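1. starting from these lines, generate the structure:
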Amino acid sequence: MMKNTKDETNVHRTLIVDAPVEFVWAALSDPKLTHLSLAWSLKGELQRGKRFQWLMRDEEGSGGAVAAEGTVLTLFPGERLRYSHYDVRSGLPDEPASRTTVDLHLIAEAPGRTRLELWQGDFMGLPHAARRAREAGRQWVERLVGVKRVAEELSRAQAA
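-> Have a look, this model is predicted:
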(Lines give C-alpha, C1' and ligand atoms only; values in the text may rest on other atoms or scores of the structure.)
Protein backbone atom coordinates (compact mmCIF):
# COMPACT_ATOMS: atom_id res chain seq x y z
CA MET A 1 0.00 0.00 0.00
CA MET A 2 1.41 3.41 -0.97
CA LYS A 3 1.58 6.17 1.57
CA ASN A 4 -0.05 9.46 0.73
CA THR A 5 2.95 11.80 0.77
CA LYS A 6 0.60 14.79 0.90
CA ASP A 7 -0.43 13.70 4.41
CA GLU A 8 3.22 13.30 5.41
CA THR A 9 3.90 16.91 4.48
CA ASN A 10 1.02 18.46 6.41
CA VAL A 11 0.32 18.72 10.12
CA HIS A 12 -3.20 18.09 11.48
CA ARG A 13 -3.94 18.37 15.19
CA THR A 14 -7.23 18.63 17.09
CA LEU A 15 -7.52 19.51 20.75
CA ILE A 16 -10.53 19.78 23.06
CA VAL A 17 -10.17 22.60 25.58
CA ASP A 18 -12.44 22.86 28.61
CA ALA A 19 -12.79 26.62 28.28
CA PRO A 20 -14.96 28.97 26.22
CA VAL A 21 -13.72 30.12 22.82
CA GLU A 22 -12.75 33.60 24.07
CA PHE A 23 -10.18 32.15 26.49
CA VAL A 24 -8.69 29.87 23.84
CA TRP A 25 -8.49 32.81 21.45
CA ALA A 26 -6.74 34.90 24.11
CA ALA A 27 -4.18 32.15 24.70
CA LEU A 28 -3.44 32.09 20.96
CA SER A 29 -3.44 35.80 20.19
CA ASP A 30 -2.87 37.97 23.27
CA PRO A 31 0.79 39.06 23.39
CA LYS A 32 0.59 39.02 27.21
CA LEU A 33 -0.30 35.31 27.12
CA THR A 34 1.38 33.73 24.08
CA HIS A 35 4.73 33.43 25.83
CA LEU A 36 2.95 31.27 28.44
CA SER A 37 0.81 29.23 26.07
CA LEU A 38 2.90 28.93 22.91
CA ALA A 39 6.37 29.48 24.45
CA TRP A 40 6.80 32.29 21.91
CA SER A 41 5.99 35.96 22.37
CA LEU A 42 3.85 37.60 19.72
CA LYS A 43 5.28 40.84 18.35
CA GLY A 44 3.06 42.86 16.05
CA GLU A 45 -0.64 43.13 15.38
CA LEU A 46 -2.83 40.33 14.17
CA GLN A 47 -4.57 42.14 11.33
CA ARG A 48 -5.27 40.81 7.86
CA GLY A 49 -2.34 41.55 5.56
CA LYS A 50 -0.03 42.59 8.42
CA ARG A 51 3.30 40.96 9.23
CA PHE A 52 4.16 39.81 12.74
CA GLN A 53 6.91 37.88 14.50
CA TRP A 54 7.17 35.08 17.03
CA LEU A 55 9.99 35.70 19.50
CA MET A 56 11.69 32.92 21.46
CA ARG A 57 11.45 33.20 25.20
CA ASP A 58 14.62 34.43 26.88
CA GLU A 59 15.73 33.70 30.47
CA GLU A 60 13.41 36.38 31.86
CA GLY A 61 10.47 34.82 30.05
CA SER A 62 10.01 37.72 27.66
CA GLY A 63 10.66 37.91 23.93
CA GLY A 64 14.16 37.25 22.70
CA ALA A 65 15.43 36.33 19.24
CA VAL A 66 13.04 36.03 16.30
CA ALA A 67 11.99 32.40 15.82
CA ALA A 68 9.44 32.83 13.04
CA GLU A 69 7.66 35.45 10.98
CA GLY A 70 4.27 35.50 9.40
CA THR A 71 1.66 37.47 7.53
CA VAL A 72 -1.99 37.24 8.54
CA LEU A 73 -3.98 35.78 5.63
CA THR A 74 -7.38 35.35 7.31
CA LEU A 75 -8.60 36.68 10.63
CA PHE A 76 -11.96 36.15 12.27
CA PRO A 77 -11.30 36.98 15.94
CA GLY A 78 -12.48 34.24 18.25
CA GLU A 79 -12.92 31.87 15.33
CA ARG A 80 -10.05 31.60 12.87
CA LEU A 81 -6.47 32.69 12.30
CA ARG A 82 -4.64 31.71 9.13
CA TYR A 83 -1.14 32.99 8.43
CA SER A 84 1.94 32.36 6.35
CA HIS A 85 4.78 30.97 8.46
CA TYR A 86 8.51 31.34 7.88
CA ASP A 87 10.80 29.57 10.34
CA VAL A 88 13.78 31.91 10.66
CA ARG A 89 15.89 29.04 12.05
CA SER A 90 15.20 26.76 9.04
CA GLY A 91 18.26 27.81 7.07
CA LEU A 92 16.04 28.43 4.06
CA PRO A 93 15.93 31.77 2.23
CA ASP A 94 13.18 34.17 3.28
CA GLU A 95 11.03 33.86 0.18
CA PRO A 96 7.47 32.67 -0.51
CA ALA A 97 8.62 29.16 -1.47
CA SER A 98 10.09 28.71 2.04
CA ARG A 99 6.82 29.46 3.81
CA THR A 100 4.09 27.18 5.03
CA THR A 101 0.56 28.11 6.09
CA VAL A 102 -0.80 27.75 9.60
CA ASP A 103 -4.58 27.59 10.03
CA LEU A 104 -6.10 27.66 13.53
CA HIS A 105 -9.85 27.17 13.77
CA LEU A 106 -11.86 27.41 17.01
CA ILE A 107 -15.25 25.73 17.27
CA ALA A 108 -17.54 26.00 20.29
CA GLU A 109 -18.41 22.39 21.12
CA ALA A 110 -20.64 22.98 24.13
CA PRO A 111 -20.93 25.68 26.78
CA GLY A 112 -17.44 26.06 28.19
CA ARG A 113 -15.78 23.69 25.70
CA THR A 114 -13.85 24.49 22.52
CA ARG A 115 -12.43 22.32 19.76
CA LEU A 116 -9.20 23.74 18.40
CA GLU A 117 -8.24 22.46 14.96
CA LEU A 118 -4.78 23.12 13.59
CA TRP A 119 -3.45 22.55 10.10
CA GLN A 120 0.04 23.47 8.91
CA GLY A 121 1.33 22.77 5.44
CA ASP A 122 2.27 22.25 2.82
CA PHE A 123 5.91 21.33 3.45
CA MET A 124 6.02 19.46 0.10
CA GLY A 125 8.27 21.94 -1.73
CA LEU A 126 10.78 22.25 1.12
CA PRO A 127 13.89 20.11 1.54
CA HIS A 128 13.27 17.11 3.85
CA ALA A 129 9.53 17.86 3.73
CA ALA A 130 8.28 14.86 5.72
CA ARG A 131 10.91 15.39 8.43
CA ARG A 132 10.05 19.09 8.71
CA ALA A 133 6.34 18.27 8.97
CA ARG A 134 6.98 15.66 11.69
CA GLU A 135 9.07 18.13 13.68
CA ALA A 136 6.44 20.86 13.30
CA GLY A 137 3.82 18.36 14.46
CA ARG A 138 5.82 17.56 17.61
CA GLN A 139 6.27 21.26 18.34
CA TRP A 140 2.57 21.94 17.87
CA VAL A 141 1.63 19.22 20.36
CA GLU A 142 3.68 21.02 23.02
CA ARG A 143 2.28 24.43 22.07
CA LEU A 144 -1.33 23.28 21.96
CA VAL A 145 -1.00 21.68 25.39
CA GLY A 146 0.21 25.10 26.56
CA VAL A 147 -2.80 26.79 24.94
CA LYS A 148 -5.11 24.32 26.69
CA ARG A 149 -3.45 24.92 30.07
CA VAL A 150 -3.55 28.72 29.82
CA ALA A 151 -7.13 28.87 28.46
CA GLU A 152 -8.42 26.52 31.14
CA GLU A 153 -6.62 28.48 33.89
CA LEU A 154 -8.13 31.74 32.58
CA SER A 155 -11.57 30.15 32.51
CA ARG A 156 -11.24 28.81 36.08
CA ALA A 157 -9.99 32.20 37.33
CA GLN A 158 -12.99 33.97 35.76
CA ALA A 159 -15.39 31.46 37.30
CA ALA A 160 -13.91 31.88 40.80
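2. tell me what the longest helix seen in the chain is packed against?
-> Secondary structure assigned by DSSP state H gives helix 129-159 as the longest helix of the chain. Counting contacts by 3 or more C-beta pairs under 8 Å, 6 or more residues apart in numbering; DSSP states H and E, helix 129-159 is packed against helix 5-8, strand 11-17, helix 21-29, helix 34-37, strand 113-121. The C-beta positions use only the backbone N, C-alpha and C, and glycine is treated the same way.
3. include distance to Leu92, mean pLDDT and mean neighbour count when you put those into CSV, please.
-> Formatted as CSV, the helices and strands packed on helix 129-159 follow (distance: least, C-beta to C-beta, whole Å; pLDDT from 0 to 100; neighbours: other C-beta atoms under 10 Å):
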stretch, distance to Leu92, mean pLDDT, mean neighbour count
helix 5-8, 19, 68, 12
strand 11-17, 17, 96, 16
helix 21-29, 25, 96, 22
helix 34-37, 24, 90, 22
strand 113-121, 15, 97, 19
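4. please tell me how far Arg134 sits from Val141.
-> Arg134 is 11 Å from Val141, where distance means C-beta to C-beta, to the nearest Å.
5. now tell me what touches the helix or strand containing Glu69 from outside.
-> Glu69 is part of strand 63-76, with elements assigned from DSSP states H and E. The contact list for strand 63-76 (C-beta atoms under 8 Å, 6 or more residues apart in numbering) reads 35, 40-41, 43, 46-58, 80-89, 94, 101-103.
6. buried residues, that strand. List them.
-> Judged by neighbour count (16 or more other C-beta atoms under 10 Å), strand 63-76 contains these buried residues: Gly63, Ala67, Ala68, Glu69, Gly70, Val72, Leu75.
7. closest to Ser29 among those?
-> Of all these, Ser29 sits closest to Leu75, with 9.1 Å by C-beta to C-beta.
8. near Gln158, how many other residues are there?
-> Counted by other C-beta atoms under 10 Å, the residues lying close to Gln158 total 11.
9. against Ser37, how distant is the closest residue in space to it that isn't next to it in sequence?
-> Spatial nearest neighbour of Gln158, chain neighbours left out: Phe23 (7.6 Å); criterion: C-beta to C-beta, 6 or more residues apart in numbering. Between Phe23 and Ser37 the distance is 10 Å, computed by C-beta to C-beta.
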